[in-house]
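[1] sequence plus the predicted model coming up.
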Amino acid sequence: MRLVHRKTYGPLPTSKFELVNDSGEVLGFAQIRHRPSRSHDLPPEAVNHLYYQIEGPYRGRGYGKALMGLALAEAERMGLGKLLIAVDDDNPASRHIIESHGAVWVAKFPREGGADTHLFEVTFVKRVSHEARSPHHPGPPTRV
C-alpha cells in the first residue's frame, strides 16, 4: 500500500494523493491544502487543511488509519508546521482515526442543519540533525 501524488492544483494550492494497494486499486484519497480553508457553512475560525476519504467497500479495514498516517507524513514533508483537521459529530470512525494519530481537539463549531464540526490540530516538531542536538533536544522528533 502506498500514497501516490496525483496532482497539485488551485489557488490555495491543494495536493491530491491516492491510497493505492499493491494491485493498483485506489482505496481512497486525501487532499492537503497548503493553506487552510473552510466549508461555506462553517465560521472563518473553522479553517482546516485536510480532507480524506476511503471508498465504501474498503471502509472498516484499517485503510483510513493508514491513509491518515501517510497524509500526515506528507504534510510534514511539505513543510506545514501544523495540520488542522475538521470532523463532524456524525462521523465517529473518522474522529477515532484523527485522535489515534495524536491530534488535539481545538474547538467545536455548530453547523446549520447538520452535525456539529470538531476541529483538531496536529503540530509537527522540527527535525534536528544528530550533530545539532543539544541537551534541550536529546531525542528523536515526535508529534505533539
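    Now that the structure is in, tell me what you want to look at.

[2] could you find the residue nearest the spatial middle of the protein?
    Centroid-nearest residue in the chain: residue 50, 4.7 Å away (criterion: CA atoms, centre = their mean).

[3] check contacts around that one.
    Neighbouring residues of residue 50 by CB atoms under 8 Å, 6 or more residues apart in numbering: 30-33, 71, 75, 83-85. Just so you know, the C-beta spots here come from the backbone N, C-alpha and C atoms, and that holds for glycine as well.

[4] so how far is residue 113 from it?
    Distance, residue 50 to residue 113, using CB to CB, to the nearest Å: 24 Å.

[5] report pLDDT for the nearest residue in space to residue 34 that is not next to it in sequence.
    Excluding the flanking residues, the one nearest residue 34 by CB to CB, 6 or more residues apart in numbering is residue 13, at 5.3 Å. In this model, residue 13 is scored at 93, pLDDT.

[6] and if you look at residue 46?
    pLDDT at residue 46 comes out at 89.

[7] for residue 36, which non-adjacent residue is spatially closest?
    Nearest non-adjacent residue to residue 36 (CB to CB, 6+ apart): residue 47, at 3.6 Å.

[8] in this structure the one you found contacts residue 83, no?
    No. At 11.4 Å, residue 47 does not count as touching residue 83 under the criterion of CB atoms under 8 Å.

[9] and the longest strand along the chain, what does it pack onto?
    Longest strand in the chain, counting residues (DSSP state E): strand 26-37. On a contact count with 3 or more CB pairs under 8 Å, 6 or more residues apart in numbering; DSSP states H and E, strand 26-37 meets strand 14-20, strand 48-54, helix 63-77.

[10] in it, which residues are buried?
    Of all the residues in strand 26-37, those buried under the rule 16 or more other CB atoms under 10 Å are 27-34, 36-37.
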